[in-house]
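K.L.:
Generate a structure from the sequence data that follows.
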Amino acid sequence: MNVWKLTDAQKLVKTEAPLPESSAGLLRVRVTKVLLNSQDAAIYKGDLRVKYPLIPGRFAVGFVAEENSEPDFPKGTRVLLHGYRPVPQEGVAKRDFSADDFYACGRTVDGFLRDFVLVSPDDMTPLPASVSDERGLLLHHIATAKEICDKLGAQKGQHVAVVGADLIGILVCQLLIYQQAAPILVDADKTRLAFARECGVYYTFPNDRNIVDTVASVTGGTLASGAVHISTATGNASELALSLCKRDSRVIYYATSATRLVINMELVLRRHLSVYGVSHGLKYIKNAINLVANKAVDPSAFHANCYKSFRAEELLAHYNDRPGRDVDEINYIDLLQ
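P.N.:
Model prediction:
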């Protein structure tokens, strides 16, 4: 089978490997599509520290490629491969509590840019016919947005400030609208804000020196009832979300586990804010499938670009050459082409 490995920064090598043999509790899955995004590109460039060799690709779909006794995964079942996996608790030895609780595929463990993988049934989810492969590649993002909204606990009619108009930020806004809350989307990038309006977000404002007064004017002078900071939408200060909500609000910070954020605790204490962190929404995958099926979110404005496998390195190497690539594009490798 084909395997694509990063042997060093900016060195993606296609290699041959034996077909993985089935073992107890693991099923062989044929990987069909792998989403590659700006974080994969940063790993390729060497901007994020990883251990080489490493197979990239965190988000992928495929199908079960062998006969087995698992009732939920007969041969041919389309599946979402989980991009995050709980670190197993083995033995009685004291664990390293400074380490992550979850493996991140394509960063801390091998990802999915290969023809076949062996996967535990616990680490994949069947995809219904109503969810296309392209929608399946976004389920982790939708699940993350759902966890953010659940932690916010926004009520009908409440205003919520969302700082960061990338894919996650737009999905959060769509879910808040579905829940009949009123998101106020703020970003330093006017291109991202313009695209967010195409996705159905009504309140979109530039992150300028008047933004607190702007939010106050929308909320009738009370500021927002909660706020979200999306760290993957670059150019927005991490303390801004704290400034946009009123006393006793909840503030959710979304970032990958590789991100270091500095938070102004003075504002947290002065306004009695409750701060929560979200780095992925793994436990909300099934919720995300239902949200897609019920059209609670609509990622159709993002256009999907399909690349053949031989162009994987080209995509990673030039991913950030065009500013705003992540604003309106979903880029994936089709391993069957």
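
K.L.:
Around the nearest residue to W4 once chain neighbours are set aside, how many other residues sit close by?
P.N.:
Nearest residue to W4, sequence neighbours excluded (CB to CB, 6 or more residues apart in numbering): L113, at 4.4 Å. For every residue, glycine as well, the C-beta is placed using N, CA and C. Residues within reach of L113, counting by other CB atoms under 10 Å, total 28.

K.L.:
tell me the contacts of L113?
P.N.:
Counting by CB atoms under 8 Å, 6 or more residues apart in numbering, L113 makes contact with V3, W4, V31, V34, I55, P56, G57, G106, A312, I333, L335.

K.L.:
Off-centre distance for the helix or strand hosting the second one?
P.N.:
Here W4, judged by DSSP states H and E, is contained in strand 2-8. Chain-centre distance of strand 2-8: 23 Å, with CA atoms, centre = their mean, to the nearest Å.

K.L.:
What are the buried residues along it?
P.N.:
V3, W4, K5, L6 (16 or more other CB atoms under 10 Å).

K.L.:
Ok, stretch 129-142 next?
P.N.:
Residues of stretch 129-142 classed as buried by neighbour count (16+ other CB under 10 Å): V131, D133, E134, R135, G136, L137, L138, L139, H140, H141, I142.

K.L.:
Tell me which of those fall in strands.
P.N.:
With DSSP state E as the criterion, strands contain none of the buried residues of stretch 129-142.

K.L.:
wait, doesn't Y332 sit right on S309?
P.N.:
No. Using CB atoms under 8 Å, Y332 makes no contact with S309, being 10.9 Å away.

K.L.:
higher neighbour count, these two?
P.N.:
Set Y332 next to S309 and count neighbours by other CB under 10 Å: Y332 wins out with 23 against 17.

K.L.:
mind checking the backbone torsions on the more buried one?
P.N.:
Here is the backbone geometry of Y332 (degrees, to the nearest 10): phi -140, psi 160.

K.L.:
Put the alpha carbons of the helix ranked longest in the chain into PDB.
P.N.:
Ranked by number of residues, the top helix in the chain under DSSP state H is helix 139-152. The C-alpha trace of helix 139-152 is given here as PDB (Å, rounded to 0.1, in the frame of the first residue of the first chain):
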ATOM      1  CA  LEU A 139     -17.700  16.600  11.300                       C
ATOM      2  CA  HIS A 140     -14.900  17.200  13.800                       C
ATOM      3  CA  HIS A 141     -15.300  20.900  13.200                       C
ATOM      4  CA  ILE A 142     -19.000  20.800  13.600                       C
ATOM      5  CA  ALA A 143     -18.700  18.700  16.800                       C
ATOM      6  CA  THR A 144     -16.200  21.200  18.100                       C
ATOM      7  CA  ALA A 145     -18.700  24.000  17.400                       C
ATOM      8  CA  LYS A 146     -21.400  22.100  19.200                       C
ATOM      9  CA  GLU A 147     -19.300  21.600  22.300                       C
ATOM     10  CA  ILE A 148     -18.500  25.300  22.300                       C
ATOM     11  CA  CYS A 149     -22.200  26.200  22.100                       C
ATOM     12  CA  ASP A 150     -23.100  23.700  24.800                       C
ATOM     13  CA  LYS A 151     -20.500  25.100  27.200                       C
ATOM     14  CA  LEU A 152     -21.800  28.600  26.500                       C
END
